[in-house]
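# Build me a model from this:
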Amino acid sequence: MNPPLIRPRNNRSSVALQALLSRVPGASETVAVEDISIDGCRIRGYFRVGEQVSLKLPKIGRFTARVRWARGGKAG
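Just a heads-up that it's a prediction; the model follows:
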């Protein structure tokens, strides 16, 4: 049996951004984005793993994402 493939994580850049987050479905809220990469970001807030969200980032636009991890008031 082959071990599962683990994709290396892209380098993340530290940022201090405010983004508009919408829980699908649900109301919008402003969240702090702490780091970002081509594959994802870390935001402050309380989320459930597997939760689908929509983020609107300045100069980047809106995209839909799924929470892959959440702990200690942060998620990615």
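# The closest residue to R68 other than its chain neighbours and V67: what is the separation?
Spatial nearest neighbour of R68, excluding adjacent residues (C-beta to C-beta, 6 or more residues apart in numbering): G76 at 6.0 Å. Placement of C-beta: from N, CA and C, glycine included. Distance of G76 to V67, computed by C-beta to C-beta, to the nearest Å: 7 Å.
# what about K74, neighbour count?
Counted with other C-beta atoms under 10 Å, residues neighbouring K74 total 15.
# next one: phi and psi at it?
Backbone torsions of K74, given as degrees, to the nearest 10, read phi -140, psi 160.
# Kindly report the same for R68.
phi -100, psi -30.
# go on, G72?
phi 60, psi 40.
# Need the per-residue pLDDT for it.
G72 carries a pLDDT value of 95.
# G45 versus that one, what's the distance?
11 Å.
# Can you verify my assumption that G40 contacts R68?
Yes. G40 is within contact range of R68, at 7.2 Å (criterion: C-beta atoms under 8 Å).
# So which of these two has more stuff around it?
Using other C-beta under 10 Å as the criterion, G40 and R68 rank with G40 on top: 17 against 11.
# which ones are touching the more buried one?
12, 65, 68, 76 (C-beta atoms under 8 Å, 6 or more residues apart in numbering).
# Tell me which other helices or strands the lengthiest strand in the chain touches.
In the chain, with assignment by DSSP state E, the single longest strand is strand 13-23. The helices and strands touching strand 13-23, judged by 3 or more C-beta pairs under 8 Å, 6 or more residues apart in numbering; DSSP states H and E, are strand 28-36, strand 52-57.
# Figure out which of those strands is closest to L20.
Distance to L20, taken as C-beta to C-beta, is lowest for strand 52-57 among these, at 4.2 Å.
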